[in-house]
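A.B. asks: quick one, fold the following:
(one chain, ligands or ions: 1)
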Amino acid sequence: MKNFVRFLPLLVSLSASAQSTADAIIARELQTSRAYETLGHITDDIGARLTGSQGAAKAVRWTTQQFREWGMPVTNEPVMVPHWVRGREEARLVSPADHNIVLTAIGGSVATPAAGITADVIEVDSFDELKTLGAAKLRGKIVFYNNPMDMELVRTHRAFEAYRIAVAFRGAGASRAAEYGAKAVVIRSVGSASLRTPHTGALRYDPKQPKIPAAAMTAEDAMLVHRLLARGKRVRMHMILTPRTLPDVMSANVIAEIRGSEKPEEIVLIGAHLDSWDLATGAIDDGSGVAMVMETMRLLKEMKLTPRRTIRAVLFMNEENGSRGGQQYAKDHGKDKHVAAIETDAGGAAPTGFTTSIKGDTLTALETRTKPLAAVSANRFEVAAEVGADIDPLTQAGVPSFGLVPEPLHYFDYHHTNADTLDKVDPKELAQDTAAIAALAWILAE
Ligand SMILES: [Zn+2]
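C.D. replies: Residues are numbered from 1 along each chain as shown. Next comes the predicted model:
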């Protein structure tokens, strides 16, 4: 007890100095941020970074070299990744009138036959409806899942909840329809806005079912097809998709560290994913996250700050269509002593706080130490079961986990479309996000 009492003032002063350093980190980032410059390289100079592509390989090289230039140890840890390549994607209605249909293949989709598919379109809005219609009605047809995101949830800052509900049809829709003999599926794009922009994303084929082609139409085209069917018209669609799945290739997670001064074996992880979809340059998903993580490391280095514990930056490969990077990291580093993990994969709009896996007294104790985050309105913590896909294996293993929550209102307007470009990110908001991550990482590492 005597020892503890003697030690107590030290603890208090450590925590007070951690907070004043966090204040300084936030102030410095807001004044001198280079996060947007980094994001410009990742998006404009490197381009789209779909797993297995030249862009993804370039991103591994450039980020590695950048960490090295900033003066920190960096490694590339090998990850075998899928290599899916988009091809042509065209569709028209051939009945009741000639309409161009704007769609995009869902990531992982197989191709149509070379001449395409021409078939009647049948609309459903649930998996139960497939069962009701049965093979008699669905065999040989193009099944159309018409499930818009719940805009009431989007407007009330629960866009991720709306996304999780609607995305079920993108992920499992093809195999569920294949079970009843459908020839192909089209979904209404999962997004909260559309200027006739289709939203891609990944699907998962059930190995027990035949693989059928799957695409996402724009909201406008989905509404057209819906109106025609509602008027009792026979809707026939012709569609050609020519994607290919090539053999897996070797890629890498990029890992950089600022070693802790007192407990270097204890790790605070900050992570984002380096890959993007191929339709655009992945500025909001997840170039902005990568920029925040890199900028945090640059900033701490520039401020000559050495935390007591190690801060480890991990740029994960293949979050979008396989999560192989996250799985590989958990396999290689599951035994490392992670004291916390922070993921940023929800865009680059102004910060609103963090989701977290910790609760109760632990969370309350943390909240007393994270007051500096109020300077960038990031001091709100919301308990969630999953805070980030790449760190999920760590979260499930009990590592206290955090996910940055930038304002989600417009995230799914651009998500996975050809409009996910640098202009969608505001440099000031990106700096605020980075300040939030850097300050939280610092506090956790002290
Ligand atoms: Zn993402």
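
A.B. asks: stretch 383-390 and the ion in contact?
C.D. replies: No. Stretch 383-390 lies out of reach of the ion by C-beta under 5 Å from the ion, never closer than 7.5 Å. (Glycine included, C-beta is placed from N, CA and C.)

A.B. asks: centre of the chain to stretch 194-213, how far?
C.D. replies: 17 Å (C-alpha atoms, centre = their mean, to the nearest Å).

A.B. asks: what does stretch 184-192 give?
C.D. replies: For stretch 184-192, the distance to the chain centre is 18 Å (C-alpha atoms, centre = their mean).

A.B. asks: compute the first-to-last residue distance for that stretch.
C.D. replies: Using C-alpha to C-alpha, to the nearest Å, the end-to-end distance of stretch 184-192 comes out at 24 Å.

A.B. asks: where does D423 land on pLDDT?
C.D. replies: pLDDT recorded at D423 is 98.

A.B. asks: kindly apply the preceding question to A385 instead.
C.D. replies: 88.

A.B. asks: quick one: secondary structure of it?
C.D. replies: coil (DSSP: H, G, I helix; E, B strand; the rest coil).

A.B. asks: count of residues packed around the residue of the stretch 301-446 of the chain found nearest the ion?
C.D. replies: Of all residues in the stretch 301-446 of the chain, D345 sits closest to the ion, at 4.3 Å by C-beta to the ion. Look at D345: counted by other C-beta atoms under 10 Å, it has 23 neighbours.

A.B. asks: quick check, it in contact with G403.
C.D. replies: Yes. Applying C-beta atoms under 8 Å, one finds D345 in contact with G403, separated by 7.4 Å.

A.B. asks: let me know the average pLDDT across stretch 275-284.
C.D. replies: For stretch 275-284, the mean confidence score works out to 98.

A.B. asks: what distance separates the start and the end of it?
C.D. replies: Taking C-alpha to C-alpha as the criterion, the two ends of stretch 275-284 lie 12 Å apart.

A.B. asks: using neighbour counts, pick out the buried residues of that stretch.
C.D. replies: Buried positions in stretch 275-284, judged by neighbour count with 16 or more other C-beta atoms under 10 Å: D275, S276, W277, D278, L279, A280, T281, G282, A283, I284.

A.B. asks: what does stretch 24-32 contact?
C.D. replies: Contact partners of stretch 24-32, identified using C-beta atoms under 8 Å, 6 or more residues apart in numbering, comprise 35, 295, 299-300, 303, 305, 372-373, 375-376, 428, 431-432, 434-436, 438-439, 442.

A.B. asks: one more pass at 7 Å, please.
C.D. replies: In this structure, residues lying in contact with stretch 24-32 by C-beta atoms under 7 Å, 6 or more residues apart in numbering are L299, M303, P372, A375, V376, A431, Q432, T434, A435, A438, A439, W442.

A.B. asks: where does the last one land in three-state SS?
C.D. replies: Pointing back at W442 there. Classified using three-state DSSP, W442 is helix.

A.B. asks: wait, what's in contact with it?
C.D. replies: A18, T21, A22, I25, P307.

A.B. asks: the second one falls within a helix, correct?
C.D. replies: Translated: T21. Yes. Membership of T21 in a helix is supported by three-state DSSP.
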